Structure formats: structure tokens, C-alpha cells
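# Provided below for reference: sequence and predicted model.
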Amino acid sequence: MIAPGGIFPDFERYGVLWMNREPLATAYDMDGAFNDVTVTLSPGASEEAVIELLDQVIEPYGGFGAIGRDTQISHRFLSEEFRSLRIMARIFPIIFLGVASFLLNIVITRLVRAQREQVATLKAFGYSNLGVLWHFTKLTTVIVILGVVAGLGLGTQLAREMAEMYMEIYRFPYLQFTVSLPVVVGAAVISLTAALLGAAYSVFQAVSQPPAEAMRPEAPDIYREAIVERLGVKRLLTQPTRMILRHIERQPVKSMMTIIGIAFSVAVLMVGMFFSDAIYRMVQVQFGFAQREDLAVIFVEPTSYRAYYELLNLEGVEYGDPFRFVPVDLKKDHRSFRTAIQGIEPGSDLVRLIDTSLQPVPLPREGLVLTRYLADVLGVQAGEMITVKVLRGRRPVREVPLTALVSEYIGVSAYMDRSALNRLMGEGDLISGAYLATDETHLEDIYLKLEEVPRVAGSVNVDNSIESFFATMGNQLLTWSI
């Protein structure tokens, strides 16, 4: 669960308590009332049709509108995680098998060269090319079998640990791990195929030579003018450079295999370090350049601007920026996306819109600002009109121009000038909360005071949230790095 106003889960400071509905309703004098409902569709029922009917029923009661499972936050988190796993399950094996194939090619090549005369002797005594080929195929197969057995043991253990890790992160009640026979067989076949492809060139080169020629010592390479001499650029290059270029030209296959092997090796290193580097970068940009508050305070309901001054008067608060959140449906032609417009102050120091160069982008006085990802989802460009359907209050529907695009690594956001957003709502000078910069020595005291204020839905200590996030994700990052 993520606290109101938060981005990351913080299990030490925010949680959900479960209780029987009837005594809870009685305690708050709301007998028979509810604020959320989940429904299960009958087989063959249309989700869109059911959502439309539900919206008609709950709209008079202030409902925000029904949503399908695919747009629920929990389902979205899991589906995106599983989608990433599917992509990695296709890409990672290709990289690792490429490295393994390259290494096996080197080993078999040296083995074939060392046994050049023995192979020729066997062929002279009547062994066919197919027999020699089968010998090296069996050797490669034994290597693969040993690797598959060791890999299954290690892979099974890592998979079990990943299942436990997902249970901890996503709070599954249980997650049963099973070893699938088709997956094991498929992995073994793919590994064997990659190994045979890696050894094929060297083996075919060995068996294709006549016995008489193979029994002789390997002939020295034929040296002739290389391309650097033919082009007349020899004098422009150093001697080591000329030697390298000559070697590449005279042994193109070996050189190409070496280049491919090094490329795969670099890819392995990048894959291992990519996740941690990418996440650290996203957090650094989001909370070092875009959102720089120490504390985010969210009210239960939009509140008068005077509440902002009350927050500033708390001991230890240095300065702050108020904001307004409004849930909306953004529509452009047949595309729509449910999100919230965040109304912020022009010239805000704690929350800034930034471009790809991490430079602040001025907030327009009128119109919407969208992240580039959200603009792509809606298929809209700067200067076009977007239909904004507000999902609270009097639910106005307005046509608003898209005035600018910004880049963000985290979230799918829409921004407006707070005053313009209040005018769009037809309401007074209201705020949904505030971002605060505080004295570090008073931060925990401020947090505890805000927890006692009834109209405060939640307050998020940004540093604690980031710390909790990395503590939770540490095992996952370590697993992928390994």
C-alpha cells in the first residue's frame, strides 16, 4: 500500500487495518454505507457495458466512476512487472548463450587444433567425417548436460528466492513455485543448440581436410599486402595499428567471432548493472531536480488556502509550496486516460517541471502540461485541445489546450497553474495539500504533529520513503545483478 501523496510503499509508517464492516460502520454512524465496491463479471459479459451502467448508478452519489481491472494500481504494478519479466526472459538468455557459445567455440577450436594429427589418423583408418563429427558432438553434449544439471539446481534455488521476494514486495498471501517440465526441456534444447552452433565451425573445419594434409604441420599463414598497404595509408598509421588491421583482414572469421564475444561480454556486464543504475538515476532526477520537498502533506478534502499558512507556522518548517489535486479523465478523440491534474504554483521551488536537460520549464498561466509519455498515450501534441472530464464536485467538462510537454521518469502526470485549475473547477482558492521544506532536526516532530490533525489524510517523509523503497527493492536488485 502507498500512503496518500506517496510514490513508494513505506511499510514501517503506513499500512491498512482490516475490520468487519458492520461494527466499523456502527462506530462512525454510517450503517449500510460504503465507499468502494468490487464486482465480478459473468462469463461473456462486456466490461465496457458494465462500467457504463455502474457509472450511471453511482454518479448521483458522487462516485468517481468504475474502472476495469487493467487500470487498477495493484493490477497495473503486477502486469507491468510480469511484462518486464517476459521481456527479460527473452533477451537475457540470448546474451548469456551468446557468451557461452563464443567460449565453447574457443575451447573446441583449440582442442581440434591440438588433436589435428589424431583426427587425420582416424580418418586415414576409415573413420568417416560423420563419425568424427559425432565424436565432437558427444563431447559438446556432455559439456551441455553438466551445465544444464548445474544450471537447473542454481536456477531453481534462485527462482524460489525470487518467488519469496515477490511475496514480500507485493504482499501475496502465498506464491507456489513449481518446476515446469516443458521449461526444463526447452532450456536444455536451446542450450544444446547454442553449444553445437558454437562448436560447429571448428569441427567442420577439422573434418573437411584430407587426412594427408591434416597429418602435416599446419601451414603458416600467407602474408601479402594488406588493405592499409593497398590504400597507401601505411605511413599514416603506427606499427601496432598496422599489425592489428592486417590480423583482422587475414583472419576475418576469427576476428569477427572475437568482436561478437566481447560485445556479448559487455552486454552481460550492462545487464547486471542496468537495473540498479536506472532506478538510482530515476530517483535522483525525480527527487533531486523535480520534487525537492522534505515532507508532502495531503488533506482529506480540498481546503482553504489559509491552511497553508497554518502549515508554515509549524516549528521547523522553512518554506513550502501548496498544490491542488483533481482526478480527471483526459480524452482526445477515441483515446482516454484517467489520472489527476496537479495544480502547482508558478515559480515553485520545491516542485519544478524539467526538460530532458534537467533544466526548469516555466509553468504556463493557462492550459495543460503533460508528460511526453502521457501525450503519446493520448496521441496529442502541444497546441491541441484536450477534453478534461473532472471526476469530483460538480464534474465539469472542459476543453483545455495542451501548452507544453515535460519529461519525467516516474509517473504519468498532468500539470496546471493552481489558480487556473481552481477556475476550471469553478471553486475558490483551495488547496489539496502542500510540499514542505523543513529543518532536519524538527522533521520527525512535524510528522508526528501532522498525524494528529484530523483533516490531514497523510504526510509523506520523502527520505524515509526512498530509504524504505531501496530496502525493499535491494533483494530484487541484487538478484538481477547476480
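Cool, the structure landed.

# count the neighbours of residue 66 for me.
For residue 66, the number of neighbouring residues by other Cβ atoms under 10 Å comes to 19. To be clear about C-beta, it is placed using only N, CA and C from the backbone, and glycine gets the same treatment.

# sorry, that was for residue 295
Residue 295 is flanked by 26 other residues according to other Cβ under 10 Å.

# can you tell me how far it sits from residue 318?
Distance check for residue 295 against residue 318: by Cβ to Cβ, to the nearest Å, it reads 11 Å.

# so which residue of the chain lies furthest out from the middle?
Largest separation from the mean C-alpha position in the chain: residue 125, at 60.1 Å (Cα atoms, centre = their mean).

# any common contacting residues for residue 295 and residue 318?
Applying Cβ atoms under 8 Å, 6 or more residues apart in numbering, one finds that residue 295 and residue 318 are jointly contacted by 436, 438.

# which residues of the stretch 201-350 of the chain fall in strands?
For the stretch 201-350 of the chain, strands defined by DSSP state E, counting those that start in this stretch occupy the ranges 295-304, 317-332, 335-344.

# make CSV from these and add mean pLDDT to it.
What follows is the strands of the stretch 201-350 of the chain, written out as CSV (pLDDT from 0 to 100):
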stretch, mean pLDDT
strand 295-304, 90
strand 317-332, 92
strand 335-344, 90
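
# for those, give me JSON lines that also has distance to residue 91.
Compiled in JSON lines, those are given as follows (distance: least, Cβ to Cβ, whole Å):
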{"stretch": "strand 295-304", "distance to residue 91": "37"}
{"stretch": "strand 317-332", "distance to residue 91": "33"}
{"stretch": "strand 335-344", "distance to residue 91": "28"}
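
# among the ones you listed, which is nearest residue 207?
strand 335-344 (60.7 Å; Cβ to Cβ).

# domain assignment for this structure?
Domain segmentation of the chain under automatic domain parsing yields 21-73, 75-283, 292-469.

# would you mind finding the most buried of these?
domain 292-469 (a mean of 17; mean count of other Cβ atoms under 10 Å).

# low pLDDT regions in this structure?
Scanning the chain for pLDDT under 70 picks out 1-13, 212-226, 228-229, 272, 471-482.

# distance of the most centrally placed residue in it from residue 25?
Nearest to the geometric centre of the chain sits residue 84, at 6.7 Å (Cα atoms, centre = their mean). Between residue 84 and residue 25 the computed distance is 41 Å (Cβ to Cβ).

# check residue 83 too.
39 Å.

# again, but for residue 49
Computed as Cβ to Cβ, the residue 49 to residue 25 distance reads 31 Å.

# also residue 154?
Look at residue 154 and residue 25: by Cβ to Cβ, they are 53 Å apart.

# so residue 346 makes contact with residue 363?
Yes. Using Cβ atoms under 8 Å, residue 346 is in contact with residue 363, at 4.9 Å.

# what is in contact with those two at once?
Both residue 346 and residue 363 are in contact with residue 417, where contact means Cβ under 8 Å, 6+ apart.

# who's in contact with residue 305?
322, 429, 430, 431.

# quick check: phi and psi on the nearest residue to the second one once chain neighbours are set aside?
Counting by Cβ to Cβ, 6 or more residues apart in numbering, residue 305 is the residue found nearest to residue 429 once chain neighbours are left out, at 4.5 Å. Phi and psi for residue 305, reported as degrees, to the nearest 10, are phi -60, psi -20.

# now do the helices in the stretch 251-400 of the chain.
All helices of the stretch 251-400 of the chain, identified by DSSP state H, counting those that start in this stretch, fall at 252-285, 306-312, 372-378.

# could I get those helices as CSV with distance to residue 19?
Listed next are the helices of the stretch 251-400 of the chain as CSV, based on distance: least, Cβ to Cβ, whole Å:
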stretch, distance to residue 19
helix 252-285, 35
helix 306-312, 30
helix 372-378, 37
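
# what's the closest of those to residue 439?
That would be helix 306-312 among the helices of the stretch 251-400 of the chain, by Cβ to Cβ, at 12.9 Å.

# just the CA coordinates of that closest one, formatted as CSV?
Extracted C-alpha coordinates of helix 306-312, given in CSV (Å, rounded to 0.1, in the frame of the first residue of the first chain):
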residue,chain,number,x,y,z
ARG,A,306,-5.4,29.6,4.9
ALA,A,307,-4.5,26.0,5.9
TYR,A,308,-1.2,26.6,4.0
TYR,A,309,-0.3,29.4,6.4
GLU,A,310,-1.0,27.1,9.4
LEU,A,311,1.5,24.5,8.0
LEU,A,312,4.1,27.3,7.5
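
# which residues are in contact with it?
297, 299, 317, 319, 320, 322, 431, 434, 436, 455.

# the second one bridge partners, please.
Beta-bridge partners for residue 299, by DSSP bridges, are residue 456.
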